[in-house]
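J.: From the sequence below, what's the structure:
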Amino acid sequence: MLNSVLMSNLVSSAPIRLRLDIEEGLDRLMGERALYLQILGRFLQDHRDSSARIGALLAQRLEGKAQLAAHSLKGSAGLIGAQLVHDQTVLVENAIAAGADCTVLLPQLDALLREVCDSIDQLLLEHGDDVAAGTTPEIDAVQLRALIEELVGLLRDGDGAAIDLVEKSAPVLAAALGVPTFQLVAAATHAFDFETALDALEMEL
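T.: Model (predicted):
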């Protein structure tokens, strides 16, 4: 069951929920509150300045790197429930791929991203102590290897069941891989970027 204390202040506000749907984010992590908060913190580290970084890369005519940065932001935003940022980033990524002008799209993305980061800052300020209160599941090395091999097999086959397996196994994978690697794998998998998820996982085999 989702933690009502964690959700009470933010979910009740429709505008904030549009920016950051906590319930959706928690659902994707099997209701693991501490893990969700850790991933929110990681999102701030990785993506607070993403729109500016994308703009700078475009200004340097590094379209490939700009597209990769947008792709990464898209997956991470989808994972945490930041749907508006996700949708705007899709527009930016598609525009870059088409060689179109992003002059209007990037400021819109920046505004949405700033609102999401403000919401995350607020949430972590109120509930940051809950990160330390999370429990680390016991990990059997043989079972863990079997889990990762199963996930790798699904990713290699392009099987959407990989998304369900990542969600179902979120606590174990995060504890075994570490939050940064798990966040990368989970965000890429949810974005159907199975190649990126596979590259990260195969390093663990």
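
J.: Relative to the whole chain's centre, how far out is the longest helix along the chain?
T.: Longest helix in the chain, counting residues (DSSP state H): helix 105-127. On the basis of C-alpha atoms, centre = their mean, to the nearest Å, helix 105-127 sits 14 Å off its chain's mean C-alpha point.

J.: So what touches it?
T.: Applying C-beta atoms under 8 Å, 6 or more residues apart in numbering, the contact partners of helix 105-127 are 5-6, 9-10, 16, 19-20, 22, 33, 37, 40-41, 43-44, 47-48, 50-52, 54-55, 73, 77, 82, 84-85, 88-89, 91-92, 95. C-beta coordinates here come from the backbone N, C-alpha and C atoms, glycine included.

J.: Need the pLDDT of the residue sitting furthest away from the middle of the chain.
T.: Distance from the C-alpha centroid of the chain peaks at Val142, with 27.5 Å (C-alpha atoms, centre = their mean). Listed pLDDT for Val142 reads 86.

J.: Could you list the buried residues of the strand or helix carrying it?
T.: Under the criterion DSSP states H and E, the helix or strand holding Val142 is helix 141-156. For helix 141-156, a neighbour-count test (16 or more other C-beta atoms under 10 Å) marks 144, 147-148, 151-152, 154-155 as buried.

J.: got it, and stretch 43-52?
T.: 43, 46-48, 50-51.

J.: JSON lines for those, including secondary structure, pLDDT and distance to Cys117?
T.: Listed next are those as JSON lines, based on DSSP: H, G, I helix; E, B strand; the rest coil; pLDDT from 0 to 100; distance: C-beta to C-beta, whole Å:
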{"residue": "Phe43", "secondary structure": "helix", "pLDDT": "94", "distance to Cys117": "8"}
{"residue": "Asp46", "secondary structure": "helix", "pLDDT": "94", "distance to Cys117": "11"}
{"residue": "His47", "secondary structure": "helix", "pLDDT": "96", "distance to Cys117": "8"}
{"residue": "Arg48", "secondary structure": "coil", "pLDDT": "95", "distance to Cys117": "5"}
{"residue": "Ser50", "secondary structure": "helix", "pLDDT": "97", "distance to Cys117": "10"}
{"residue": "Ser51", "secondary structure": "helix", "pLDDT": "97", "distance to Cys117": "11"}
